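>>> predicted structure and sequence below. I'll ask about it afterward.
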Amino acid sequence: MTAMPGSVIQTTIKTKVSPGLESLTVVGSPRALFRPLGLLRLLQLVSTCLAFLLVAYKGAWMGAMANWCLFSWCFCFSMTLLVLILELGGFQSRFPLSWLDFPITCASYGVLFCLSSSIIYPITCVRFMAHGSVRKSAVSATIFSCIACVAYVTEVAWTHTRPGEMTGYMATVSGQLKVLESFVACVIFVFISNPHLYTHEPALEWCLAVYAICFVLTMVIILLNLGNCNNIVPIPLPTFLCGIAFLSVLMYTTAVVLWPLYQFSEASPGQAQRTMDATCQYTRPHAVCAWDRHLVVAILTGINLLTYIADFIHSG
């Protein structure tokens, strides 16, 4: 088409923007920061940053559990900051991962990380602190962690309730279960970070292998969807997802039997009662003794088995 001399041709690109969270799809403008989702993510950013700074500045952390909380707040802050930078700069099209899946995945992990920190930090650290400025900072950090958790929950819930909006795999029930499965496995790894908890029995080493193999398989599925690489799977994707879920159910079933059997049965080297574990009598207040770690891992193993069963039923 040829334009007449002296005329001006204008091209207008219209982007459908629905009310609510998706209004932030108006990218490349600072105004997007003051829309509903932008304000929500600012709250996430500020809350996680303050929680981390209050604990780090006052030195209000002790032991591996507090290190986990610091990592959680730092991880959530970094992911939210990355999402904000990409959206404000309009770089979604250049981002190598699926933008339908990446923000909801970050928010889902944010819920779990902040929720765990909001529970673990006061139980393992705050309650053992003497009254003073350090304890006040620790309590404030816990409050900000709870605020961040609520903000992430709001984003996830709001994403699921958008009518008529296209969503990726990670926003589905199966995708959310994958996030939960991988997160629970990460927490299990934190509690069995000491090799002495499992190296004395081959059955317990098998349990560790179960946690690691299932975690890797779950992360492969998540990364395949984030990277839009589902076409490299040689079989139909639903069959692949169902098969992985079924294999994970079988493996976790063995772990949910073997871990308690070898950790709490008097017929094995385990301790049936907490009082039988000497480490629980002489451990430092903020530390988690071996018997408590065994119990937490047993509970988390059961939780992940139920999650994989739900995933298998939904995938099938």
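Now that the structure is in, tell me what you want to look at.

>>> before we move on, what SS does W61 have?
coil (DSSP: H, G, I helix; E, B strand; the rest coil).

>>> could you check how far it is from F113?
16 Å (Cβ to Cβ, to the nearest Å). The way it works is simple: take the backbone N, C-alpha and C, and place the C-beta from them, glycine included.

>>> please say which of these two ends up with more neighbours.
F113 (27 against 20; other Cβ atoms under 10 Å).

>>> identify each buried residue in the helix or strand containing that one, please.
Counting by DSSP states H and E, the element that carries F113 is helix 102-124. For helix 102-124, burial by neighbour count (16 or more other Cβ atoms under 10 Å) applies to 102-118, 120-122, 124.

>>> domains in the protein, by residue range?
According to automatic domain parsing, the chain comprises the domains 29-165, 172-316.

>>> which stretch among those domains is buried most, on average?
A comparison of the domains of the chain by mean neighbour count, using mean count of other Cβ atoms under 10 Å, puts domain 29-165 on top with a mean of 19.

>>> now that one: mean pLDDT?
The pLDDT scores in domain 29-165 average 88.

>>> and that domain, how far from the chain's centre?
The chain centroid and the centroid of domain 29-165 are separated by 11 Å, computed with Cα atoms, centre = their mean, to the nearest Å.

>>> try stretch 154-171
How far stretch 154-171 lies from its chain's middle: 17 Å, per Cα atoms, centre = their mean.

>>> contacting residues around that stretch?
Here stretch 154-171 makes contact (Cβ atoms under 8 Å, 6 or more residues apart in numbering) with 18, 20-22, 37, 40-41, 44, 98, 100-101, 103-105, 107-108, 110-111, 175-176, 178-179, 222, 225-226.

>>> quick one, what contacts the closest residue to C114 other than its chain neighbours?
Leaving out its chain neighbours, the residue that sits closest to C114 by Cβ to Cβ, 6 or more residues apart in numbering is C149, at 3.8 Å. By Cβ under 8 Å, 6+ apart, the contact set of C149 is G110, V111, C114, L115, S118.

>>> please report how far the second one lies from R293.
Taking Cβ to Cβ as the measure, V111 falls 24 Å from R293.

>>> helix/strand/coil for E181?
helix.

>>> so it makes contact with L217?
No. At 9.3 Å, E181 and L217 do not qualify as touching, with contact defined as Cβ atoms under 8 Å.

>>> all the helices of the chain, in order from the start?
Taking DSSP state H to define them, one finds helices in the chain at 36-58, 63-89, 102-124, 133-160, 173-191, 202-226, 237-264, 279-282, 290-315.

>>> which residues are contacting stretch 46-54?
Residues outside stretch 46-54 that contact it (Cβ under 8 Å, 6+ apart) are 60, 70, 73-74, 76-77, 80, 114, 117, 137-138, 140-142, 144-145, 147-148, 151.

>>> ok, now with 7 Å
70, 73-74, 76-77, 137, 140-141, 144-145, 147-148, 151 (Cβ atoms under 7 Å, 6 or more residues apart in numbering).

>>> so what's L306 up against?
Residues near L306 by Cβ under 7 Å, 6+ apart: none.

>>> ok, A203 next?
By Cβ under 7 Å, 6+ apart, A203 lies in contact with L258, Y262.

>>> try 8 Å
L258, L261, Y262.

>>> nearest to Y198 among the residues you listed?
Y262 (8.8 Å; Cβ to Cβ).

>>> quick check: closest non-adjacent residue to the residue positioned nearest the centre of the chain.
Centroid-nearest residue in the chain, with Cα atoms, centre = their mean: Y109, separated by 2.7 Å. Ranked by Cβ to Cβ, 6+ apart and with sequence neighbours excluded, the top spatial neighbour of Y109 is V179, at 6.1 Å.

>>> would you quantify the distance from that neighbour to L54?
Counting by Cβ to Cβ, the gap from V179 to L54 is 27 Å.

>>> can you check C106 too?
23 Å.

>>> hang on, L247 packs against L217?
Yes. L247 is in contact with L217 according to Cβ under 8 Å; the separation is 7.4 Å.

>>> ok so, going back, check the contacts of stretch 46-54 and tell me the two furthest apart.
Largest separation among the contacts of stretch 46-54 by Cβ to Cβ: S137 and A151, giving 20.8 Å.

>>> now the helices of the chain in a markdown table, with distance to T167?
Below are the helices of the chain laid out as a markdown table (distance: least, Cβ to Cβ, whole Å):
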| stretch | distance to T167 |
| --- | --- |
| helix 36-58 | 14 |
| helix 63-89 | 16 |
| helix 102-124 | 7 |
| helix 133-160 | 7 |
| helix 173-191 | 9 |
| helix 202-226 | 12 |
| helix 237-264 | 16 |
| helix 279-282 | 46 |
| helix 290-315 | 16 |
